[in-house]
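**Student:** Pasting the sequence and the predicted model now:
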Amino acid sequence: AQFSTKSNITLKSRPELGDIDTANAAFGIFKYHPHVFQAAAESQRNFHGIGPSLSWEGSTPLAGHADQAQLGFDWAVNAALLFGRQKVKASHETNVTQFSQTAITKYNVLSSQHDGNSTARTRSVVVPNLGGSAGLSLNFPNAKIALGYRADFFFGAMDGGFDRRKNETTVFHGPYAKIAVGL
(Lines give C-alpha, C1' and ligand atoms only; values in the text may rest on other atoms or scores of the structure.)
Protein backbone atom coordinates (compact mmCIF):
# COMPACT_ATOMS: atom_id res chain seq x y z
CA ALA A 1 0.00 0.00 0.00
CA GLN A 2 1.18 3.53 -0.76
CA PHE A 3 -0.48 6.68 0.52
CA SER A 4 0.65 10.29 0.23
CA THR A 5 -0.84 13.68 1.06
CA LYS A 6 0.25 17.28 0.58
CA SER A 7 -1.27 20.36 2.14
CA ASN A 8 -0.56 24.07 2.04
CA ILE A 9 -2.59 26.46 4.18
CA THR A 10 -2.38 30.26 4.52
CA LEU A 11 -4.59 32.26 6.89
CA LYS A 12 -4.78 36.03 7.25
CA SER A 13 -7.18 37.73 9.61
CA ARG A 14 -8.00 41.11 11.04
CA PRO A 15 -10.80 40.04 13.36
CA GLU A 16 -11.47 43.44 14.89
CA LEU A 17 -11.14 47.03 13.85
CA GLY A 18 -8.84 47.58 16.78
CA ASP A 19 -8.90 49.81 19.81
CA ILE A 20 -9.95 53.35 18.98
CA ASP A 21 -8.92 56.05 21.44
CA THR A 22 -11.57 58.78 21.17
CA ALA A 23 -10.34 60.95 24.07
CA ASN A 24 -8.98 63.58 21.70
CA ALA A 25 -11.49 63.08 18.86
CA ALA A 26 -12.88 66.61 19.33
CA PHE A 27 -9.46 67.97 18.31
CA GLY A 28 -9.29 65.72 15.23
CA ILE A 29 -6.63 63.49 16.85
CA PHE A 30 -7.40 59.81 17.22
CA LYS A 31 -5.44 56.62 17.73
CA TYR A 32 -6.23 53.35 15.96
CA HIS A 33 -4.69 49.98 17.00
CA PRO A 34 -5.68 47.06 14.72
CA HIS A 35 -4.28 43.52 15.11
CA VAL A 36 -3.26 41.36 12.15
CA PHE A 37 -3.03 37.58 12.58
CA GLN A 38 -1.27 35.39 10.02
CA ALA A 39 -0.62 31.66 9.93
CA ALA A 40 0.88 29.30 7.37
CA ALA A 41 1.29 25.53 7.37
CA GLU A 42 2.74 23.15 4.82
CA SER A 43 3.12 19.37 4.96
CA GLN A 44 4.05 16.32 2.92
CA ARG A 45 3.18 12.92 4.38
CA ASN A 46 3.42 9.37 3.07
CA PHE A 47 3.28 5.70 3.98
CA HIS A 48 4.72 2.78 2.02
CA GLY A 49 4.07 -0.75 3.29
CA ILE A 50 3.91 -4.37 2.25
CA GLY A 51 2.65 -7.49 3.99
CA PRO A 52 0.46 -10.56 3.96
CA SER A 53 -3.25 -10.28 3.18
CA LEU A 54 -6.14 -12.65 3.75
CA SER A 55 -9.53 -12.26 2.03
CA TRP A 56 -12.79 -14.21 1.84
CA GLU A 57 -15.49 -13.59 -0.75
CA GLY A 58 -18.91 -15.10 -1.13
CA SER A 59 -22.17 -14.81 -3.04
CA THR A 60 -25.62 -15.93 -1.94
CA PRO A 61 -28.29 -16.47 -4.64
CA LEU A 62 -31.48 -14.47 -4.06
CA ALA A 63 -33.55 -15.11 -7.19
CA GLY A 64 -33.29 -16.73 -10.62
CA HIS A 65 -31.49 -19.83 -11.91
CA ALA A 66 -27.76 -20.44 -12.31
CA ASP A 67 -28.15 -21.59 -15.96
CA GLN A 68 -29.92 -18.34 -16.97
CA ALA A 69 -29.78 -15.09 -14.96
CA GLN A 70 -29.45 -15.01 -11.18
CA LEU A 71 -29.63 -12.14 -8.69
CA GLY A 72 -27.21 -12.55 -5.79
CA PHE A 73 -25.96 -10.89 -2.62
CA ASP A 74 -22.15 -10.53 -2.75
CA TRP A 75 -19.94 -9.93 0.26
CA ALA A 76 -16.23 -9.87 1.04
CA VAL A 77 -13.94 -9.33 4.04
CA ASN A 78 -10.21 -8.77 4.07
CA ALA A 79 -7.43 -8.32 6.61
CA ALA A 80 -3.76 -7.49 6.19
CA LEU A 81 -0.72 -6.64 8.27
CA LEU A 82 1.48 -4.11 6.50
CA PHE A 83 5.11 -3.48 7.44
CA GLY A 84 6.32 -0.11 6.25
CA ARG A 85 7.58 3.40 6.82
CA GLN A 86 5.80 6.67 7.63
CA LYS A 87 7.41 9.94 6.59
CA VAL A 88 6.38 13.49 7.35
CA LYS A 89 7.91 16.83 6.42
CA ALA A 90 5.97 19.73 7.93
CA SER A 91 6.37 23.37 8.85
CA HIS A 92 4.12 25.98 10.37
CA GLU A 93 4.36 29.53 11.60
CA THR A 94 2.15 32.14 13.19
CA ASN A 95 2.55 35.88 13.31
CA VAL A 96 0.66 38.51 15.33
CA THR A 97 1.30 42.18 14.60
CA GLN A 98 -0.26 45.24 16.21
CA PHE A 99 -0.17 48.52 14.29
CA SER A 100 -0.77 52.06 15.48
CA GLN A 101 -2.18 54.91 13.45
CA THR A 102 -3.03 58.46 14.41
CA ALA A 103 -4.50 61.30 12.39
CA ILE A 104 -1.02 62.75 12.09
CA THR A 105 1.20 59.67 11.57
CA LYS A 106 1.09 56.70 9.26
CA TYR A 107 1.07 53.10 10.49
CA ASN A 108 3.75 52.24 13.02
CA VAL A 109 4.37 48.71 14.25
CA LEU A 110 3.87 48.61 18.01
CA SER A 111 4.60 44.93 18.51
CA SER A 112 5.10 41.76 16.54
CA GLN A 113 5.27 38.14 17.67
CA HIS A 114 6.47 35.34 15.39
CA ASP A 115 6.46 31.61 16.15
CA GLY A 116 7.56 28.96 13.67
CA ASN A 117 8.59 25.34 13.58
CA SER A 118 9.56 22.74 11.02
CA THR A 119 9.98 19.02 11.41
CA ALA A 120 10.96 15.93 9.45
CA ARG A 121 10.24 12.45 10.83
CA THR A 122 10.61 8.91 9.54
CA ARG A 123 9.36 5.89 11.46
CA SER A 124 8.95 2.16 10.82
CA VAL A 125 5.41 1.02 11.61
CA VAL A 126 3.14 -2.03 11.45
CA VAL A 127 -0.28 -1.10 10.05
CA PRO A 128 -3.29 -3.40 10.43
CA ASN A 129 -5.82 -3.25 7.59
CA LEU A 130 -9.46 -4.37 7.76
CA GLY A 131 -11.96 -4.07 4.96
CA GLY A 132 -15.18 -5.39 3.58
CA SER A 133 -17.84 -4.99 0.94
CA ALA A 134 -21.47 -5.82 0.33
CA GLY A 135 -23.55 -5.55 -2.82
CA LEU A 136 -25.92 -7.06 -5.34
CA SER A 137 -24.91 -8.89 -8.50
CA LEU A 138 -26.61 -10.10 -11.65
CA ASN A 139 -24.97 -13.35 -12.77
CA PHE A 140 -25.18 -14.77 -16.27
CA PRO A 141 -23.57 -18.03 -17.43
CA ASN A 142 -20.51 -16.18 -18.83
CA ALA A 143 -20.74 -12.71 -17.23
CA LYS A 144 -21.40 -10.88 -13.97
CA ILE A 145 -22.41 -7.30 -13.14
CA ALA A 146 -22.12 -6.18 -9.51
CA LEU A 147 -22.88 -2.96 -7.62
CA GLY A 148 -22.14 -2.39 -3.94
CA TYR A 149 -20.28 -0.52 -1.23
CA ARG A 150 -16.71 -1.11 -0.05
CA ALA A 151 -14.64 0.18 2.90
CA ASP A 152 -10.97 -0.27 3.87
CA PHE A 153 -9.40 0.92 7.13
CA PHE A 154 -5.63 1.29 7.53
CA PHE A 155 -5.10 1.86 11.27
CA GLY A 156 -2.27 4.27 12.13
CA ALA A 157 -0.98 4.45 8.55
CA MET A 158 -0.26 8.19 8.46
CA ASP A 159 1.56 10.55 10.81
CA GLY A 160 -0.81 13.53 11.01
CA GLY A 161 1.12 15.57 13.56
CA PHE A 162 3.14 18.72 13.17
CA ASP A 163 5.25 19.18 16.31
CA ARG A 164 4.97 15.56 17.43
CA ARG A 165 3.85 12.23 16.02
CA LYS A 166 0.09 11.59 15.79
CA ASN A 167 -1.20 8.33 14.30
CA GLU A 168 -4.18 8.71 12.00
CA THR A 169 -6.31 6.04 10.39
CA THR A 170 -6.64 6.22 6.62
CA VAL A 171 -10.08 5.19 5.35
CA PHE A 172 -11.22 4.50 1.81
CA HIS A 173 -14.93 3.89 1.28
CA GLY A 174 -17.55 4.29 -1.38
CA PRO A 175 -19.66 2.61 -4.00
CA TYR A 176 -18.18 0.19 -6.51
CA ALA A 177 -19.19 -1.38 -9.81
CA LYS A 178 -17.72 -4.58 -11.19
CA ILE A 179 -18.11 -6.21 -14.60
CA ALA A 180 -16.65 -9.67 -15.27
CA VAL A 181 -16.74 -11.63 -18.53
CA GLY A 182 -15.70 -15.28 -18.77
CA LEU A 183 -13.91 -16.52 -21.87
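**Tutor:** Structure's in. What do you need?
**Student:** residue ranges with poor pLDDT in this structure?
**Tutor:** For the chain, the stretches flagged by pLDDT under 70 are 14-34, 99-114.
**Student:** need the strands for the chain, in chain order.
**Tutor:** Secondary structure of the chain, counting by DSSP state E: strands at 2-13, 19-21, 31-33, 35-50, 53-64, 70-102, 108-140, 143-159, 167-181.
**Student:** Make CSV from those strands and add mean neighbour count to it.
**Tutor:** Glycine gets a C-beta too; all of them are placed from N, C-alpha and C. Listed next are the strands of the chain as CSV, based on neighbours: other CB atoms under 10 Å:
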stretch, mean neighbour count
strand 2-13, 11
strand 19-21, 12
strand 31-33, 16
strand 35-50, 16
strand 53-64, 11
strand 70-102, 16
strand 108-140, 14
strand 143-159, 17
strand 167-181, 12
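**Student:** and the nearest residue to residue 62 once chain neighbours are set aside, what is it in contact with?
**Tutor:** Take residue 62 and drop its neighbours on the chain: the residue closest to it by CB to CB, 6 or more residues apart in numbering is residue 71, 4.8 Å away. Residue 71 makes contacts with 61, 62, 63, 64, 136, 137, 138, 139, as judged by CB atoms under 8 Å, 6 or more residues apart in numbering.
**Student:** Including distance to residue 91, could the residues you listed go into JSON lines?
**Tutor:** Shown next, in JSON lines, are these (distance: CB to CB, whole Å):
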{"residue": "61", "distance to residue 91": "57"}
{"residue": "62", "distance to residue 91": "55"}
{"residue": "63", "distance to residue 91": "59"}
{"residue": "64", "distance to residue 91": "59"}
{"residue": "136", "distance to residue 91": "48"}
{"residue": "137", "distance to residue 91": "49"}
{"residue": "138", "distance to residue 91": "52"}
{"residue": "139", "distance to residue 91": "54"}
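**Student:** between these, which is nearest residue 169?
**Tutor:** Checking the contacts of residue 71 against residue 169 by CB to CB gives residue 136 as the nearest, at 28.4 Å.
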